[in-house]
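*Asks:* below are the sequence and a predicted model; questions follow.
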Amino acid sequence: MRGSRKYKHVIETPDPGKWELPGYEETLPISEKSNPITRELDKADPVQLVQLLRDCDAEIFQEEDESPIHYERLYSESTLKRVEEVAKRVQEILKSPDEGLIVLSGCGTSGRLAMLLSNSFNRLLKGLHKTPCYTYIISGGDRSIVTSQEAPEDNPRLGAEELQRVCEGKKQVVYIGISCGLSAPFIAGQLEFCMKNLDKFLPVLVGFNPVNMARNESIEGSHFTFRQVAERMQSLQDGQRAFILNPAVGPEGICGSSRMKGGSATKILLETLFLFAHKAESNVAVTEKCLLEILRTYERAHKVTYSQSKKIAALTKQCATSLQKKGHFYILGWGTLGLMGIMDAAECPPSFQADCGDVRGFVRGGYNSLENKEGDLSSAGPEFAISHDDFVKSVLPSLSETDTVLFIFTLDDDLSEVEKLVTQVKEKTSNVHAISHAIAGQYMPTSTKKIIPNVIGVTWPILFLEYEGAFIQKFQRELSTKWILNTVTSGAHVLKGKVFKNFMVDFKIANSKLFHRAVSVLQRLSGHSQHRCTEALLRAIYGVQDLPDQIKNAAITKHAEEASSKEKVVPTAIVSLLRSCTFQESRARLDASSTVRAAIESSLNVPGRKRGAESTDSGGHS
């Protein structure tokens, strides 16, 4: 097993991957490359699926190696040094919380994590009788916590205005903008605003691409691209007036699905940074060794989580069965583990064109548990009803044997409450599973065991650390739950035929980033030019075979707005390109096919069809 300068790795990390070699999908940023580990993901059974995604997650912890391209990694000296420097600035805010603020901001999964982390560290401060000084911004507002609101991500002006509003009256602000692909205009607008006001703001960018791979398309309504913003920050970094934390963690297990590895790496990186800052502020002597020790706890979380691979595979298979039978997957959690369920559910509709009712998350106490800024949103529509009481009232009566229900709790939660809810559910469906978290020495009561036969029991070693130790344990449980849920719901949609090779091929185009991703997927699967793929995509979006100039010349945000309410846009374009047929014929073939994947595979195997990019080495597939 390879090790770092001072420590052995807790887990076995994969050897350098093909994605690290020169020429591998060289026009694409790391976050959009296809991961060679999962190139045959769509052919995997549930056990293999879990193993493949486990290996992808392990890449987060890989160290720098001797590969021809030098990518900074999580454990790189340069990354750790910048984490230390940002932690010092956070420390300054912790010392003068009335005048300062730490702002975490993101879109989609990144914004949900921003809320989770800011609430966690405010709770840590309150427990120490200190003033809370963290806050979050999520594009689209708090509705984006529960449902997908992709369009606001494209608005840099909105981002800047929201940041200005949140920081009103503060003298010093550490702003942390999270954009896994270094691509979100909302975040670019906020970073640009910070750089115009460096007397007040320290801008920090978190993502997982090198700066030269940041998105370079012009942002509508702005004079800059994301890459230009990142390059300006890079030039400010030498004087420590801005920082970029962007270790390479490898391509996603499902191409471009940054809710998975990108989200996990965000959580690991920022929690490590803030824990380090809090230790330093508590007058504990902190060194790089301390930083490494915190990171190693997350490596242990990977090992502990995936020691349950067989049970995770069984849950993945059951979830897929429910979705294939047009049933539902309901996740009922306690505390922040309930939020992990809500987050995962919110990510399924944009990733897999899932109906918002296919996967739903509920948390005990509803919005009181979330501690979101805007409070109770349940009046906004049925999909915003997220408490256990809401589940009992609106879902339980119609629950059936095709549905699967997952309970997520720790052995410190009220198990009599868990048992009562499970009993009610079992009257409607036998497909009841649980994820339970325990500390070494804790055992599930026989009564709970008897009532829930399918339990993924995750047991954590006791951490003999001061007050922060309880939070590290909490962070481990959250990350473990996230890994399991990401694997289960992504794996279930793979088994449902929503993924081809390791490409999302039936995702919702709801913003400019997703439009560009769609064109890239079309190019890689068909081998056709960018121009031809863009036109095929526009035909599928607008439902016309002959494209008028009005459509061809419209802004990408207009195309995304039009596409956001349409179904099977990307697969329609893929099949039409592969078969050189009209979008109407393509749609008819999709409707007649058992799955999206089956329709694409049969189109690839049409006799006489020329080999496309998916079969060439440069496309990343063999």
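*Replies:* Thanks, I have the structure now. Predicted, not measured: the structure shown is a model, and the values here were computed from it. Numbering: from 1, shown residues only.

*Asks:* residue 129: neighbour count?
*Replies:* 6 (other Cβ atoms under 10 Å). From N, CA and C alone the C-beta is placed, and that goes for glycine too.

*Asks:* and it, what pLDDT?
*Replies:* Note for residue 129: predicted pLDDT of 92.

*Asks:* that one in helix, strand or coil?
*Replies:* coil (DSSP: H, G, I helix; E, B strand; the rest coil).

*Asks:* so how far is residue 33 from it?
*Replies:* 47 Å (Cβ to Cβ, to the nearest Å).

*Asks:* likewise for residue 508?
*Replies:* 22 Å.

*Asks:* same check on residue 319?
*Replies:* Residue 319 sits at a distance of 27 Å from residue 33 (criterion: Cβ to Cβ).

*Asks:* these two: who's more crowded?
*Replies:* Just comparing residue 319 and residue 33: by other Cβ under 10 Å the higher neighbour count belongs to residue 319, 29 against 24.

*Asks:* name all residues that make contact with the closest residue to residue 130 other than its chain neighbours.
*Replies:* Using Cβ to Cβ, 6 or more residues apart in numbering and skipping residues adjacent in sequence, the residue nearest residue 130 is residue 97, 6.8 Å away. If a contact means Cβ atoms under 8 Å, 6 or more residues apart in numbering, then residue 97 has 125, 130-133 as its contacts.

*Asks:* for the stretch 451-600 of the chain, just list every one of the helices.
*Replies:* Here the stretch 451-600 of the chain has its helices, by DSSP state H, counting those that start in this stretch, at 467-495, 512-526, 530-542, 549-552, 556-563, 569-579, 583-592, 596-604.

*Asks:* okay if I get the ones you listed as JSON lines plus mean neighbour count and distance to residue 292?
*Replies:* JSON lines is the format used below for those (neighbours: other Cβ atoms under 10 Å; distance: least, Cβ to Cβ, whole Å):
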{"stretch": "helix 467-495", "mean neighbour count": "23", "distance to residue 292": "14"}
{"stretch": "helix 512-526", "mean neighbour count": "24", "distance to residue 292": "34"}
{"stretch": "helix 530-542", "mean neighbour count": "20", "distance to residue 292": "44"}
{"stretch": "helix 549-552", "mean neighbour count": "10", "distance to residue 292": "53"}
{"stretch": "helix 556-563", "mean neighbour count": "19", "distance to residue 292": "42"}
{"stretch": "helix 569-579", "mean neighbour count": "27", "distance to residue 292": "42"}
{"stretch": "helix 583-592", "mean neighbour count": "17", "distance to residue 292": "50"}
{"stretch": "helix 596-604", "mean neighbour count": "21", "distance to residue 292": "42"}
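
*Asks:* would JSON lines of those with distance to residue 275 and mean pLDDT be doable?
*Replies:* Listed next are the helices of the stretch 451-600 of the chain as JSON lines, based on distance: least, Cβ to Cβ, whole Å; pLDDT from 0 to 100:
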{"stretch": "helix 467-495", "distance to residue 275": "6", "mean pLDDT": "93"}
{"stretch": "helix 512-526", "distance to residue 275": "31", "mean pLDDT": "94"}
{"stretch": "helix 530-542", "distance to residue 275": "44", "mean pLDDT": "96"}
{"stretch": "helix 549-552", "distance to residue 275": "51", "mean pLDDT": "95"}
{"stretch": "helix 556-563", "distance to residue 275": "38", "mean pLDDT": "93"}
{"stretch": "helix 569-579", "distance to residue 275": "40", "mean pLDDT": "96"}
{"stretch": "helix 583-592", "distance to residue 275": "48", "mean pLDDT": "95"}
{"stretch": "helix 596-604", "distance to residue 275": "42", "mean pLDDT": "94"}
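
*Asks:* at the geometric centre of the protein, which residue do we find?
*Replies:* Geometric centre of the chain, nearest residue: residue 259, 1.4 Å, by Cα atoms, centre = their mean.

*Asks:* in which helix or strand would I find it?
*Replies:* For residue 259, there is no host helix or strand (DSSP states H and E).

*Asks:* that one and residue 486 touch, don't they?
*Replies:* Yes. Under the criterion of Cβ atoms under 8 Å, residue 259 makes contact with residue 486 at 6.8 Å.

*Asks:* which neighbours do those two have in common?
*Replies:* By the contact definition Cβ under 8 Å, 6+ apart, residue 259 and residue 486 are jointly contacted by residue 344.

*Asks:* quick one on the thing from earlier: redo the helices of the stretch 451-600 of the chain as a markdown table? Include distance to residue 431.
*Replies:* As requested, the helices of the stretch 451-600 of the chain are arranged in a markdown table below (distance: least, Cβ to Cβ, whole Å):
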| stretch | distance to residue 431 |
| --- | --- |
| helix 467-495 | 13 |
| helix 512-526 | 33 |
| helix 530-542 | 36 |
| helix 549-552 | 46 |
| helix 556-563 | 34 |
| helix 569-579 | 29 |
| helix 583-592 | 29 |
| helix 596-604 | 24 |
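
*Asks:* among these, which comes closest to residue 47?
*Replies:* Counting by Cβ to Cβ, residue 47 lies closest to helix 467-495 out of these; the figure is 10.2 Å.

*Asks:* for the stretch 101-250 of the chain, just list every one of the helices.
*Replies:* Going by DSSP H, counting those that start in this stretch, the stretch 101-250 of the chain shows helices at 109-127, 143-146, 156-166, 185-195, 226-237.

*Asks:* distance to residue 396 and mean neighbour count added to those, as a markdown table?
*Replies:* Output for the helices of the stretch 101-250 of the chain, formatted as a markdown table (distance: least, Cβ to Cβ, whole Å; neighbours: other Cβ atoms under 10 Å):
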| stretch | distance to residue 396 | mean neighbour count |
| --- | --- | --- |
| helix 109-127 | 26 | 22 |
| helix 143-146 | 19 | 24 |
| helix 156-166 | 38 | 18 |
| helix 185-195 | 38 | 27 |
| helix 226-237 | 45 | 20 |
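
*Asks:* can you give me the strands for the stretch 301-450 of the chain?
*Replies:* Taking DSSP state E, counting those that start in this stretch, the strands of the stretch 301-450 of the chain run over residues 329-333, 359-363, 404-410, 432-439.

*Asks:* just the stretch 151-300 of the chain next, same as before
*Replies:* Going by DSSP E, counting those that start in this stretch, the stretch 151-300 of the chain shows strands at 172-178, 201-206, 243-245.

*Asks:* how many neighbouring residues does residue 413 have?
*Replies:* For residue 413, the count of nearby residues is 18 (other Cβ under 10 Å).

*Asks:* for it, which non-adjacent residue is closest in space?
*Replies:* residue 334 (4.5 Å).

*Asks:* check residue 388 too.
*Replies:* Of all residues beyond its chain neighbours, the one nearest residue 388 is residue 364 (5.1 Å), with distances taken as Cβ to Cβ, 6+ apart.

*Asks:* now swap in residue 76 and tell me
*Replies:* residue 64 (5.3 Å).

*Asks:* check the gap between that neighbour and residue 475 for me.
*Replies:* Separation of residue 64 from residue 475 (Cβ to Cβ): 25 Å.

*Asks:* quick check: the gap between residue 158 and residue 225.
*Replies:* Going from residue 158 to residue 225 by Cβ to Cβ gives 18 Å.

*Asks:* ok, back up a step: out of the helices of the stretch 101-250 of the chain, which comes closest to residue 390?
*Replies:* Within these, the stretch nearest residue 390 is helix 143-146; the backing value is 11.5 Å (Cβ to Cβ).

*Asks:* neighbouring contacts of the closest one?
*Replies:* Taking Cβ under 8 Å, 6+ apart as the rule, helix 143-146 contacts 107-108, 111-112, 115, 138, 149, 152, 342-343, 346, 370, 372, 377, 380, 383-384, 386.

*Asks:* one more time with 6 Å, if that's ok
*Replies:* Residues from elsewhere that reach helix 143-146 (Cβ atoms under 6 Å, 6 or more residues apart in numbering): 111-112, 138, 149, 346, 372, 384.
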